[in-house]
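K.L.:
return atomic coordinates for the entry below.
(one chain, ligands or ions: 1)
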Amino acid sequence: MSHPHQQLPPLVGGHGTIQDAFDWVDAADRVLIGAGAGLSAAAGYDYGDTERFKELFPALHRAGFHARYELVGYPLPPRHQWGFWAVHVNDIRLGDQPDSVYQDLRNLVGDRDHFVMSSNVDALFTRNGFDAARVYTPQGDYALYQCLTPCTRQVWDARGILRHALDDYDPRTGATSEKAVPVCPNCGGAVTLNVFAGSWYINDHFQPQLHALNDWLHNAAHEGGNTVVIEIGAGFNTPGVIRWPIERITTHLHESRLIRVNTNHPGVPPAIAPRAASITSNAMDFVRRTSAWG
Ligand SMILES: [Zn+2]
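P.N.:
Residues are numbered from 1 along each chain as shown. Now for the predicted structure:
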C-alpha cells in the first residue's frame, strides 16, 4: 500500500521564514493549535522510546516488544492488557507534574482568542492551563473507559479501575490480577479505555468541544483579524485527524497563516505555501524559541 500523501500533489516548503512565523504569532488576534503525537513526544511522552519501555515493561520486553506504539491496538490477554494500561496510563496521563513544553505553549497563546485540536489522549493541554472547553480531542482520553459492546453511550472515569489494576500489577509477569480486570458497570461485559481504536469507540462526550470549535472557526472567518494556525508534530500516522483538517481550515480562512512545525514532514500543499511557514524542528525547540522571542 502506498503512503497516503503520495496520492496527493507534492508538498512544498512554505514561503515564510522562522522569523516570519515569530512575527505572525506576535501579530495574531486568534491562534488555532493543531497538535499531533510529535508534541507529546517532545514533552517526553514518546511512544517510540525503547529505553523507557524496557524499564517500565520488562515482561513485554522479554516477550519481544520494544516500544509502546507496538501495543496500540495489539490484542493482549485481559490480565496483561490491564497490566499494561495501568502502568502506561499512570505514566502518561495521571501524573500531576506540569510540563514545560505545554506551559510554554500556553504562555505563547497568552490572552489571544484560541482553540486547540489534538490527536493526543494524554490531556496534556488541560493539565497545563488550557481551558477544557477550548480543547477538542477527537481520539479520546485515557482517563475514561467505556463498554466494548457498547451497551450504552455512557463513559466513566477510569482512575479507580486503573489504580486497582496498578495495585495488583506484577512486573515479573506484566499482568494484573483476575479481579482487577474491570467489567462494564451496565452489562457486565468487557470494557476498554475510551480511546479510538475501532468502531466501538464512543465520542459523544466530545461533541460540545467540536461544536465550540466550529463556532470559533465561523467567527474567525467572519469577524476579521489575524488568525494564525500553529500545527505541531502531526505527521502521517493519522493525517485525517489533525494534519489534513488543519490544511482545509487554512485554505478556508483566506487571510490566515499556517506555521507547520515538524521534524520530518514540514511541507504544505502548494496552494497555501505563500501563507505558510514550514519549520523543520522539534516541537520543544520551536516553542522555546518562540516564547523566548515573544
Ligand atoms: Zn456494557
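K.L.:
just the mean pLDDT for the strand or helix carrying Phe22, thanks.
P.N.:
Secondary structure assigned from DSSP states H and E places Phe22 in helix 18-27. Average pLDDT, helix 18-27: 94.
K.L.:
now for the helix or strand following it, which elements pack on it?
P.N.:
Following helix 18-27 in sequence order, the next helix or strand is strand 30-35 (DSSP H and E). In terms of contacts (3 or more C-beta pairs under 8 Å, 6 or more residues apart in numbering; DSSP states H and E), strand 30-35 is packed against helix 100-109, strand 113-118, helix 207-222, strand 227-232, helix 243-252. In this view, the C-beta of every residue, glycine as well, is placed from N, C-alpha and C.
K.L.:
residues in contact with strand 30-35?
P.N.:
Here strand 30-35 makes contact (C-beta atoms under 8 Å, 6 or more residues apart in numbering) with 25, 105, 109, 112-120, 125, 216-217, 220, 225-234, 242-243, 245-246, 249.
K.L.:
tell me the angle it makes with strand 113-118.
P.N.:
Here the directions of strand 30-35 and strand 113-118 differ by 10 degrees (axes from the mean of the first three to the mean of the last three C-alpha atoms, to 10 degrees).
K.L.:
contacts for the helix or strand just after strand 30-35?
P.N.:
Moving toward the C-terminus from strand 30-35, the next helix or strand (DSSP H and E) is helix 37-42. With contacts defined as C-beta under 8 Å, 6+ apart, helix 37-42 is touched by 46-48, 101-102, 118-120, 122, 124, 232-235, 237, 262-263, 282-284.
K.L.:
what does stretch 78-94 give?
P.N.:
For stretch 78-94, contacts defined as C-beta under 8 Å, 6+ apart pick out 45, 56-57, 60, 68, 71, 75-76, 121-123, 141-143, 158-159, 161-163, 165-166, 169-170, 173-178, 180-182, 190, 193.
K.L.:
what segments of the stretch 51-200 of the chain are strands?
P.N.:
113-118, 135-136, 140-147, 156-157, 191-195 (DSSP state E, counting those that start in this stretch).
K.L.:
residue contacts, Ala59?
P.N.:
Pro171, Arg172, Thr173, Gly174, Ala175.
K.L.:
from Ile161, how far off is the spatially closest residue to Gly189 that is not a sequence neighbour?
P.N.:
Once flanking residues are discounted, Gly189 sits nearest to Thr149: 5.5 Å by C-beta to C-beta, 6 or more residues apart in numbering. Distance of Thr149 to Ile161, given as C-beta to C-beta, to the nearest Å: 17 Å.
K.L.:
right, I'll call it a day here.
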